[in-house]
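> Take this sequence and fold it.
(one chain, ligands or ions: 1)
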Amino acid sequence: MTTLPQHPPEGTGRTRPSAAVARAARTLAAAGVGPARVEAELLAAYVLGVPRGRLALADDLNDAQLARLDELIGRRAGREPLQHLTGRAGFRHLELAVGPGVFVPRPETELLAGWGVEQGRGRPGPLVVDLCSGTGAIALAVAQELPGARVIAVERSPAALAWLRRNAAERAAAGDRPIEVVEADVTAPDLLADLVGRVDVLLCNPPYVPVEVVVPPEVAAHDPAEAVFGGADGLAVIRPVISRAAALLRPGGVIGVEHDETHDVAVPALFASDGRFEAVTEHPDLTGRPRYATASRRADGQHTAPGPAWQTDSS
Ligand SMILES: C[S@@+](CC[C@H](N)C(=O)[O-])C[C@H]1O[C@@H](n2cnc3c(N)ncnc32)[C@H](O)[C@@H]1O
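Numbers count the residues shown, from 1 in each chain. All right, here's what the predicted structure looks like:
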């Protein structure tokens, strides 16, 4: 006969992970935070120091661990971002350090980074620039997935730069090719002056939410405003970035810019009307919402008359 292990009930110094997770999930669900079960599991796994997938096999929580989980669940119910509680955010194959003062990288941006990686393949020793780099998510993903690339990350915020430098150092210590960090305003007309006509792939996830838009509490209270809001129409950073990209890119070089889901016409139109780009394409994210626009610097390096045409990537 098989004897099942007996687990003591809560209040006796040990609590089964399943019981702790169930209670935590109820608290999060009541606060309207979610997916409650997933987040409860992630925080319980964090407290126990195990991967989420090993939670069912983990030891019971002792009183100190249970108290720690209760504290974290309370803060999450108060809308502190999950990634600030654990101090890490997953992005493609990376685990980045995050916290107050820096924008938490979002899953939808993984698509733009992946597009950049694909564009860099086949170009010998490509020069890749990540504007508005934040944690360095895009730059570091490219550096990891394109080991032959020279990658430059540009950021203005001192607080974000501290996280960016920390992540860059962590990844270099882990063996990835080091990236170069530049402190600069991406809207400056002379941005990266020594790279004019030399950049192969330029990627940018700028602040793009129109200032009047009401954002969720996690974003309003914990993402820096300068990382989120892009002026009255949301295009205040994108406009100068597109113009400067036309100077920085080599003929045939490419650019990808993430944008607000309401800008599926406005951003392609900015590329088309500049006259120095071709192959302007709008891309959806995994939920089907318009998410980023891409374009290629005209191979002849010349201007065209402003053109109206762009396409939508429906693949
Ligand atoms: C939406 S966050 C993107 C961060 C990161 N690239 C990512 O995808 O997670 C935008 C970033 O741009 C930075 N930023 C905003 N305006 C800037 C400017 N004019 N020059 C340089 N960086 C700027 C913010 O500090 C923030 O880190």
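
> Parallel or antiparallel, list what pairs with the longest strand anywhere in the chain.
Under DSSP state E, the strand in the chain containing the largest number of residues is strand 249-258. Strand 249-258 has the following sheet partners, assigned by DSSP bridges: strand 199-204 (parallel), strand 290-297 (antiparallel).

> where does it sit relative to the chain's centre, distance-wise?
Shown here is strand 249-258, whose average C-alpha point lies 19 Å from the average C-alpha point of the whole chain (Cα atoms, centre = their mean, to the nearest Å).

> isn't residue 252 right next to residue 300, touching?
No - in this structure, residue 252 is not within contact of residue 300 by Cβ atoms under 8 Å, at 9.4 Å. For every residue, glycine as well, the C-beta is placed using N, CA and C.

> So those two - more neighbours on which side?
In this comparison of residue 252 against residue 300, neighbours counted by other Cβ atoms under 10 Å, the higher total goes to residue 252 at 14 against 10.

> contacting residues for that one?
Contact analysis of residue 252 by Cβ atoms under 8 Å, 6 or more residues apart in numbering lists 296-297, 299.

> Need phi/psi at the residue lying closest to residue 146 once chain neighbours are set aside.
Distances taken as Cβ to Cβ, 6 or more residues apart in numbering put residue 120 closest to residue 146, at 4.6 Å, once the chain neighbours are dropped. Dihedral angles phi and psi of residue 120 (degrees, to the nearest 10) take the values phi -80, psi -30.

> What is the burial count for residue 120?
Other residues lying near residue 120 total 22 when counted by other Cβ under 10 Å.

> Write out the residues of the stretch 151-300 of the chain neighbouring the ligand.
Taking Cβ under 6 Å from any ligand atom, the part of the stretch 151-300 of the chain that reaches the ligand is made up of 155-157, 160, 185-187, 205-207, 224, 226-227, 237.

> Tell me which of those residues fall in strands.
Assignment to strands by DSSP E places the following of those there: residue 155.

> Buried ones from the residues of the stretch 151-300 of the chain next to the ligand, can you make that a PyMOL selection?
Restricted to buried positions by 16 or more other Cβ atoms under 10 Å, the PyMOL selection for those reads:
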select buried, resi 155+156+157+160+186+187+205+206+207+224+227+237
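
> circling back: most neighbours among the contacts of residue 252, which one?
Most neighbours among these, by other Cβ under 10 Å: residue 297, with 25 neighbours.

> Report the separation between residue 54 and residue 216.
Counting by Cβ to Cβ, to the nearest Å, the gap from residue 54 to residue 216 is 31 Å.

> Tell me who's in contact with residue 199.
Remark: with contacts taken as Cβ under 8 Å, 6+ apart, residue 199 is in contact with 127-129, 192, 245, 248-250, 253.

> top of those residues by neighbour count?
Each of the contacts of residue 199 was scored by neighbours using other Cβ under 10 Å; the highest score is residue 129's, at 32 neighbours.

> Can you verify that residue is assigned to a strand?
Yes - assessed with DSSP: H, G, I helix; E, B strand; the rest coil, residue 129 lies in a strand.
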